[in-house]
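In: my questions are about this predicted structure, shown below with the sequence.
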Amino acid sequence: EFIQKLWRFRDGLIYLSPAPLYHAAPHLGVNLTIRMGGTAIVMERFDAEDFLRLIERHRVTHAQLVPTMFSRLLKMPDEARRRYDLASLDVAIHAAAPCPVQIKRQMIDWWGPIIDEYYGSTEGIGLTACDSKEWLAHPGTVGRSVFGELHILDVEGKPCPVGKTGTVWFKL
C-alpha cells in the first residue's frame with residue numbers, strides 16, 4: 001500500500017513497463033498493477049517510438065522509466081515526439097540512476113509536472129521521493145526520506161556537513 005500511494009496507483013490504471021521484469025522496480029510495478037486489477041503492458045525491449053505509440057494506443061496512465069530512456073525519448077525528432085497523444089499519462093516514475101538536470105527539465109517541459117522520482121534499494125532499507133514541483137524547486141534532488149532514517153556519512157562513518165560529499169546510509 002505504501003508504494004501504491006507513493007506511485008499514485010489507482011483503480012483503472014494502465015501501467016506500461018519498458019524495463020525487464022528481472023529488476024525489482026518494474027517487477028513490483030507490474031505486480032501491484034495486477035493486484036489492483038489494472039492492465040499491465042510489458043515491452044520486450046525499450047524502443048522510444050514504440051513506447052510513445054503504446055501510450056497512445058492503450059491510453060497508458062502510469063509508466064516507470066530510467067534516465068537513459070528519457071534521453072532516448074528526447075533524441076527523437078520533434079515531429080515524431082509530437083505525433084503521439086500522451087494526454088492519458090498521469091504519472092511517470094523514474095529511478096535507478098542519477099538523472100542529469102537538463103534531461104529531467106526537458107522531460108518536465110515536454111510531459112508536464114507528472115514525473116515523480118525516488119531513490120532507494122531493492123533491500124527496502126530506505127527510500128526518498130519527490131514530485132516534479134519539489135524537483136523544480138531544488139533541481140537535482142531525489143527528495144526527502146519517506147521511509148527509513150537518512151544519513152550522509154564520511155569515510156569514518158561520521159555525519160558530513162551540509163554541502164560535503166558522503167555516502168548515503170539509511171537506518172530503520
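Out: Noted; the coordinates are in hand. Residues are numbered from 1 along each chain as shown.
In: got the residue ranges for the strands in the protein?
Out: 14-17, 39-42, 62-65, 91-94, 115-120, 127-130, 144-147, 149-153, 167-171 (DSSP state E).
In: most packed of the ones you listed?
Out: Highest mean neighbour count of the strands of the chain: strand 62-65, a mean of 25 (counted as mean count of other CB atoms under 10 Å). Yep, even glycine has a C-beta here, placed from its N, CA and C like the rest.
In: pull the CA atoms of that one into CSV?
Out: Provided in CSV are the C-alpha atoms of strand 62-65 (Å, rounded to 0.1, in the frame of the first residue of the first chain):
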residue,chain,number,x,y,z
HIS,A,62,1.4,5.1,-15.5
ALA,A,63,4.9,4.2,-16.6
GLN,A,64,8.2,3.7,-15.0
LEU,A,65,11.5,4.7,-16.7
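In: how about the residue positioned nearest the centre of the chain, what does it touch?
Out: For the chain, the residue nearest the mean C-alpha position is residue 94 (1.4 Å; CA atoms, centre = their mean). Applying CB atoms under 8 Å, 6 or more residues apart in numbering to residue 94 gives the contacts 64, 65, 66, 67, 70, 115, 116, 117.
In: now do residue 139
Out: Residues near residue 139 by CB under 8 Å, 6+ apart: 101, 104, 105.
In: quick one: buried ones out of those?
Out: Buried by 16 or more other CB atoms under 10 Å: residue 104, out of the contacts of residue 139.
In: for the contacts of residue 139, which one is nearest residue 13?
Out: Checking these against residue 13 by CB to CB gives residue 104 as the nearest, at 23.2 Å.
In: for residue 71, see how far away the closest one is.
Out: Distance, residue 104 to residue 71, using CB to CB, to the nearest Å: 11 Å.
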